[in-house]
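**Student:** Provided below are the primary sequence and the corresponding predicted coordinates.
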Amino acid sequence: MKRELLAFRQFHSLLQAEQDALISGNTDSLIALAQQKNAKVIELTQLAEQRNRFLTDRAGSTNQIGMEAWLDSCDPADKQGAGKLWRELIELAHNAKTLNQHNGQLIHTRLASNQQALAVLMSANATTSNLYGKDGQAYATPPSGSGRPLGKA
């Protein structure tokens, strides 16, 4: 559980760095953070699988009841330390989930804002169709006497 707790602390730090980047608008760092987060999720999954195998072998269950059954089977000194690690792990996992959801909301808000800005630009472009004159230059409306209607060209 110590390794899993350390990995969760690192994952939480990555989530915090992601949030800082989202708030400050530092989008350049988001790709690297996403790659680091993905690698950490893989590590956390592997560590959780190890813990689940351990609990299945020792307590027959991988849920909270299985953990409590295993803790009850430990001697008092080990039980106290392992129980503390388990509670800290649960709390950190909950905090990471909350932070990840908040980051998702920040991403959604930024994406909606970008889509809205893009829609404004696209609608502005649609109302002024660019035409080209004889000189090859683009005009919002053709200069008088220059060029021919497309059907006559």
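**Tutor:** Sure, I can see it.
**Student:** Give the burial count for residue 1, as a bare number.
**Tutor:** A count of nearby residues for residue 1, using other C-beta atoms under 10 Å, gives 17. For glycine as for every other residue, the C-beta is placed from the backbone atoms N, C-alpha and C.
**Student:** That should have said residue 51, apologies.
**Tutor:** 18.
**Student:** Kindly provide the distance from it to residue 1.
**Tutor:** Distance, residue 51 to residue 1, using C-beta to C-beta, to the nearest Å: 7 Å.
**Student:** Over to residue 75?
**Tutor:** In terms of C-beta to C-beta, residue 75 sits 16 Å off from residue 1.
**Student:** what separates the top helix by length along the chain from the chain centre, distance-wise?
**Tutor:** Counting residues, the longest helix found in the chain (DSSP state H) is helix 76-127. Relative to its chain's centre, helix 76-127 lies at 6 Å (C-alpha atoms, centre = their mean, to the nearest Å).
**Student:** I figured residue 40 hits residue 12, correct?
**Tutor:** No. Applying C-beta atoms under 8 Å, one finds residue 40 not in contact with residue 12, separated by 9.6 Å.
**Student:** so which strand or helix has residue 9?
**Tutor:** helix 2-24 (DSSP states H and E).
**Student:** by contact count, what packs against that helix?
**Tutor:** Applying 3 or more C-beta pairs under 8 Å, 6 or more residues apart in numbering; DSSP states H and E, we find helix 2-24 packed against helix 30-59, helix 76-127.
**Student:** Pull the residues that contact stretch 39-50.
**Tutor:** Contacts with stretch 39-50, where a contact means C-beta atoms under 8 Å, 6 or more residues apart in numbering, come from 3, 4, 7, 8, 10, 11, 14.
**Student:** Which of those sits closest to residue 62?
**Tutor:** Among these, residue 4 lies closest to residue 62 (C-beta to C-beta), at 13.2 Å.
**Student:** ok, back up a step: with only the CA atoms kept, save the helix holding residue 9 in PDB.
**Tutor:** The C-alpha coordinates for helix 2-24 follow below in PDB (Å, rounded to 0.1, in the frame of the first residue of the first chain):
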ATOM      1  CA  LYS A   2       2.900   2.300   0.500                       C
ATOM      2  CA  ARG A   3       3.800   2.200  -3.200                       C
ATOM      3  CA  GLU A   4       0.200   2.700  -4.100                       C
ATOM      4  CA  LEU A   5      -0.100   5.700  -1.800                       C
ATOM      5  CA  LEU A   6       3.100   7.200  -3.200                       C
ATOM      6  CA  ALA A   7       1.800   6.800  -6.800                       C
ATOM      7  CA  PHE A   8      -1.500   8.400  -5.800                       C
ATOM      8  CA  ARG A   9       0.400  11.400  -4.300                       C
ATOM      9  CA  GLN A  10       2.300  11.700  -7.600                       C
ATOM     10  CA  PHE A  11      -1.000  11.400  -9.600                       C
ATOM     11  CA  HIS A  12      -2.600  14.100  -7.400                       C
ATOM     12  CA  SER A  13       0.400  16.400  -8.000                       C
ATOM     13  CA  LEU A  14      -0.100  15.900 -11.800                       C
ATOM     14  CA  LEU A  15      -3.800  16.700 -11.500                       C
ATOM     15  CA  GLN A  16      -2.900  19.900  -9.600                       C
ATOM     16  CA  ALA A  17      -0.300  20.800 -12.200                       C
ATOM     17  CA  GLU A  18      -3.000  20.200 -14.900                       C
ATOM     18  CA  GLN A  19      -5.400  22.500 -13.000                       C
ATOM     19  CA  ASP A  20      -2.800  25.200 -12.700                       C
ATOM     20  CA  ALA A  21      -2.100  25.000 -16.500                       C
ATOM     21  CA  LEU A  22      -5.800  25.100 -17.300                       C
ATOM     22  CA  ILE A  23      -6.400  28.200 -15.100                       C
ATOM     23  CA  SER A  24      -3.300  30.000 -16.300                       C
END
